[in-house]
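**Q** structure for the following, please:
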Amino acid sequence: MKEKTTERMPSGWFSLWKKEQRNSWLAKFVRMNEFKDQVCSSWFAPVGSANDYPFLSKWVIYGELTCSGGSCAESPAEISPIYSLWATFIGLYIANYVVERSTGWALTHPVSQKESEKLKKKQMQPDFLDMVPWYSGTSADLFKTVFDLLVSVTVFVGRFDMRMMQAAMSRVEDEAKQEDLLYDQFSEREELWFDFMADTGDGGNSSYSVAKLLAQPSLRIHSNDSVITLPRSNLLLIGGDLAYPNPSEFTYERRLFRPFEYALQPPLWYKEEHIAVNKPELPGGMSSLKQYDGPQCFLIPGNHDWFDGLQTFMRYICHKSWLGGWFMPQKKSYFALQLPKGWWVFGLDLALHCDIDVYQFKFFSELIRKKVGEYDSVIIMTHEPNWLLDWYWNDVTGKNVTHLIRDHLRGRCMLRMAGDLHHYMRHSYVPSAKPVYVQHLLVNGCGGAFLHPTHVFSNFNSLYGTSYESKASYPSFEDSSRIALGNILKFRKKNWQFDFIGGIIYFILAFSMFPQCKLDHILQDDTFSGHIKSFFGTVWEAFIYMLGHSYVSSAGSFILLVAAIIFVPSKVSRKRKVIIGVLHVSAHLSSALILMLLMELGIETCIRHKLLATSGHHHTLYEWYRSVESEHFPDPSGLRPRIEQWTFGLYPACIKYLMSAFDIPEVMAVSRSDICHNGMDSVSRVGAMIYYASVFLYFWVFSTPIVSLVFGSYLYVCINWLHIHFDEAFSSLRIANYKSFTRFHINLKGDLEVFTLAVDKVPKEWKVDPKWEGESKLQPSFSHQRRFPSKWRSISSQQDPVSSVKIVDHFVIERTLKPTSHFRPANGNGSAAH
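**A** Next up, the predicted model:
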């Protein structure tokens, strides 16, 4: 029954059609099959004779490679249809590739498993930025930094000061306690832990490494066969330069906030776009800062934060409430903190003046007079360490700060700490009969920025008439001197973008020396010493010719000399600056002329061995291509002439001139030969431009390693022998290692314990911490309540900052029990220096 039913179905289906319609559809189907046969026969038919293409006839696709009896049959004369099929597939592949890229279809096409794993791995890595390339010739950020600095110096310094506007807007009264500037939420605690760091916001790896250490609930550190446990601090002090190279929305968010948010996440309700207009914005249920037990943060701006007139700092620090998981109650760019046991912290804003303004001086002097007790101890935090920089530059800055310390604090300043210099150094006073205005001087700018040397400051020993001695430095003086050697070995690797400027400078220096037509005396000498003597003699002759006849190279050399003399730091005498600048430019000029002559000798040697043509129209490569094409790809049907006719000559012309453009050595050789035989006047302006453009391409490639080597060697000699260029010589290395911060503890006795923690090597590869990932599902209200608050950990557990952190300095400042006998109680209010 089922078979019958099945057999009847087709007849029932066709019965639905009328007879005329059925016949017309059958006729179309038959014609379609005939069309298919025609297409297949035309596409898969033999496409020509193999005899017309002897080179292609060697391929497997021609005929059957069958062998019988040890001998292979002769290849048939007709080309196999497989060749047509192969050509069709290649054409379809090219068309498909073009369609994918032009329509965007490739963007939505499913990726392979390997690509998917690679993409997933990339997503599991933090999006940290690299260290700032200070010697980049193509960085828009650096050009913007220079522009902002010029604007800040010419517009803001001496004309407009954001600190004056803060004072005017806060309506500061004469009382010593103002809510906007004085904070006492920690003053009633029995003990307090607080941290100091500075100069963060450079490379993401280094900034996050320090932030992760700050965020840990506790740090267990091995020291002298014992284990020391340091709990997380209640207070974080950051000493300026929050983002490099300039303050902007991008640098603050990516170089400052992003690493800190990875280390300690902000509360769940936090929104990045939120603006705090009524600080402090306490979490729900709290009425005062004393009730909040989480970590808090106070910051002062540095010189880089002032490049835009403090606009970005005011927006992101004074009008936001969270830096990651650190609460920021701060409203102004300077502040005073009253700590337990009679300890104080004064955070000063030096701006670009390297000094505090009159309004700051008034606030702090009034605070000292009315609030700071006779037995209290004060820590002064500034961005710049004036004591080191004034000694180094033989200058005097910070007169108002000095007046505040000497005439108002009068021996109560136990510690001055600052950043700006990206290393750690501590100097302590040498006991003597002279008055001591400051007991300890501490610099710690290792919060994330590139490393600075320590050995150039090793001879500092005096401040305010008091003698000091170096107690600790990180890295050590020996390591610092050794690290400077990287300028010779690694300058180009670290600053490859410097090639853009360096190659152009060298080409300008040697521009007028091209071409060198008379080189026979160098190549024809019999001895090696004769070659060397003739070579350097020719270099000297080229230098003399440049001075007498070359306008471009002479002008370039003069401008470079002026720039080199200005580049020498101002601490050097004028005579020494000229000597150093002349030696520096002489090294570059000699290198450029030697490279020029070596390149000309190379071209001359190739011409003599007939490796380069010296006449024609620069189409030797195209002529070789045509000869190979005519030999192996004959055109008996005349297809190529027809294509040339159909494309109006574009078909051979495009290939010809593209090959000419890529055959740069021949362009140089032919143009050089014309100039040497007929003079520069015989070459057209376009021809001369083509010649110098081709010379520039090769000379730029050859000169870039040399200009980096010469400049790096100059920096090494200056930093290790002359102790100058400490900023330029170490910013070039972009060292992310040697990072540290300082942790303080006001103990139950009122003494101040100081621990400086450091990490020698900063990890470069990170992965999600599985402990953080598991704990994040619990979603506590505040991230500081977690045991594992940081998202990323090093791929190698031994290189993780938590595992590799160490103590590089430890000392104790005892609580003041009686005023020093060198100072009597201050009378009068004093006045600020102007």
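**Q** now do stretch 567-580, average pLDDT.
**A** In this model, stretch 567-580 has a mean pLDDT of 94.
**Q** show me which residues of it are buried.
**A** Val568, Pro569, Val572, Lys577, Ile580 (16 or more other C-beta atoms under 10 Å). Yep, even glycine has a C-beta here, placed from its N, CA and C like the rest.
**Q** for stretch 243-259, same thing?
**A** Using 16+ other C-beta under 10 Å as the burial criterion, the residues of stretch 243-259 that qualify are 243-248, 251-252, 254-259.
**Q** one more: stretch 738-748?
**A** Tyr738, Lys739, Ser740, Phe741, Thr742, Arg743, Phe744, His745, Ile746, Asn747.
**Q** run through the residues that contact the fourth one.
**A** Contacts here follow C-beta atoms under 8 Å, 6 or more residues apart in numbering; on that basis Phe741 touches Asp195, Phe196, Met197, Val210, Leu213, Leu214, Asn444, Cys446, Gly447, Thr756, Leu757.
**Q** next, give me the two most distant ones among the buried residues of stretch 567-580.
**A** Across the buried residues of stretch 567-580, no pair lies farther apart than Pro569 and Ile580, at 9.7 Å, counting by C-beta to C-beta.
**Q** quick one: the helices in the stretch 301-450 of the chain?
**A** 311-316, 358-370, 386-393, 399-404 (DSSP state H, counting those that start in this stretch).
**Q** pull the last one out as CSV, backbone CA atoms only.
**A** Below are the C-alpha coordinates for helix 399-404, written out as CSV (Å, rounded to 0.1, in the frame of the first residue of the first chain):
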residue,chain,number,x,y,z
LYS,A,399,62.7,81.2,50.1
ASN,A,400,59.2,81.1,51.6
VAL,A,401,59.5,77.5,52.5
THR,A,402,62.9,78.1,54.1
HIS,A,403,61.4,81.1,56.1
LEU,A,404,58.6,78.9,57.3
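**Q** what residues sit buried inside it?
**A** Per 16+ other C-beta under 10 Å, helix 399-404 contains these buried residues: Asn400, Val401, Thr402, His403, Leu404.
**Q** can you read off the pLDDT for the second one?
**A** pLDDT, Val401: 96.
**Q** same question, the last one
**A** Looking at Leu404, its pLDDT stands at 97.
**Q** and the gap between it and Arg369?
**A** From Leu404 across to Arg369, the span is 11 Å (C-beta to C-beta, to the nearest Å).
**Q** try the second one
**A** For Val401, the distance to Arg369 under the criterion C-beta to C-beta works out to 17 Å.
**Q** still on that earlier bit, quick one: the helices of the stretch 301-450 of the chain as CSV, columns for distance to Val805 too.
**A** Output for the helices of the stretch 301-450 of the chain, formatted as CSV (distance: least, C-beta to C-beta, whole Å):
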stretch, distance to Val805
helix 311-316, 28
helix 358-370, 35
helix 386-393, 26
helix 399-404, 33
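**Q** ok, back up a step: which ones among the contacts of Phe741 map onto helices?
**A** Val210, Leu213, Leu214 (DSSP state H).
**Q** helix/strand/coil for Val572?
**A** Of the three states, Val572 takes coil according to DSSP: H, G, I helix; E, B strand; the rest coil.
**Q** my bad, Phe811
**A** With three-state DSSP as the basis, the three-state label of Phe811 is strand.
**Q** which residues touch it?
**A** Arg426, Ser428, His440, Lys471, Val754.
**Q** and those, which is closest to Ser187?
**A** For the contacts of Phe811, the nearest to Ser187 is Val754 (20.2 Å; C-beta to C-beta).
**Q** are any of the contacts of Phe811 buried, and if so which?
**A** Applying 16+ other C-beta under 10 Å to those flags Arg426, Ser428, His440, Val754 as buried.
**Q** quick check: which element contains the last one?
**A** Secondary structure assigned from DSSP states H and E places Val754 in strand 752-759.
**Q** sheet-wise, list the partners of that strand with their directions.
**A** Sheet pairing of strand 752-759 (DSSP bridges) gives strand 739-746 (antiparallel), strand 806-813 (antiparallel).
**Q** among these, which is nearest Phe186?
**A** strand 739-746 (9.0 Å).
**Q** now that closest one, how far from the centre of its chain.
**A** Distance, stretch centre to chain centre, for strand 739-746: 27 Å (C-alpha atoms, centre = their mean, to the nearest Å).
**Q** how about that strand as PDB, C-alpha atoms only?
**A** Extracted C-alpha coordinates of strand 739-746, given in PDB (Å, rounded to 0.1, in the frame of the first residue of the first chain):
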ATOM      1  CA  LYS A 739      60.400  51.000  42.300                       C
ATOM      2  CA  SER A 740      59.700  51.900  45.900                       C
ATOM      3  CA  PHE A 741      57.500  53.700  48.400                       C
ATOM      4  CA  THR A 742      57.900  54.600  52.100                       C
ATOM      5  CA  ARG A 743      55.700  53.300  54.900                       C
ATOM      6  CA  PHE A 744      55.500  55.200  58.200                       C
ATOM      7  CA  HIS A 745      54.200  54.000  61.500                       C
ATOM      8  CA  ILE A 746      53.300  56.300  64.500                       C
END
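**Q** quick one: the helices in the stretch 101-250 of the chain?
**A** 105-108, 113-123, 140-151, 162-170, 204-215, 249-251.
**Q** which ones are touching Val396?
**A** Contacts for Val396 (C-beta under 8 Å, 6+ apart) come out as Asp390.
**Q** roughly how far does it sit from Thr402?
**A** 9 Å.
**Q** go on, Leu409?
**A** Here the criterion is C-beta to C-beta. By it, Leu409 lies 11 Å from Thr402.
**Q** also Leu192?
**A** 28 Å.
**Q** and what of Leu182?
**A** Relative to Thr402, and taking C-beta to C-beta, Leu182 is found at 23 Å.
**Q** same question for Ser553.
**A** Ser553 sits 51 Å away from Thr402, going by C-beta to C-beta.
**Q** check Thr647 too.
**A** Using C-beta to C-beta, Thr647 is found at 82 Å from Thr402.
**Q** Asp376 and Thr816 touch, don't they?
**A** Yes: contact criterion C-beta atoms under 8 Å: Asp376 and Thr816 qualify, at 7.2 Å.
**Q** can you show me the helices along the stretch 451-600 of the chain?
**A** Applying DSSP H, counting those that start in this stretch to the stretch 451-600 of the chain gives helices spanning 477-483, 486-494, 499-510, 520-523, 528-549, 551-567, 574-608.
**Q** got the contact list for the first one?
**A** Applying C-beta under 8 Å, 6+ apart, the contact partners of helix 477-483 are 423, 451, 453-456, 458, 473, 475, 720, 730, 733, 735.
**Q** the same query, at a cut-off of 7 Å, please.
**A** Helix 477-483 has contacts (C-beta atoms under 7 Å, 6 or more residues apart in numbering) with Pro453, Thr454, His455, Ser458, Pro475, Asn720, Ile735.
**Q** shaky segments in this structure?
**A** 1-90, 97-123, 137-177, 615-621, 660-662, 779-780, 818-834 (pLDDT under 70).
**Q** any idea which residue sits dead centre in it?
**A** Nearest to the mean C-alpha position of the chain, by C-alpha atoms, centre = their mean, lies Val132 at 3.0 Å.
**Q** what's opposite Ile380 in the beta bridge?
**A** With DSSP bridges as the rule, Ile380 is bridged to Phe346, Arg416.
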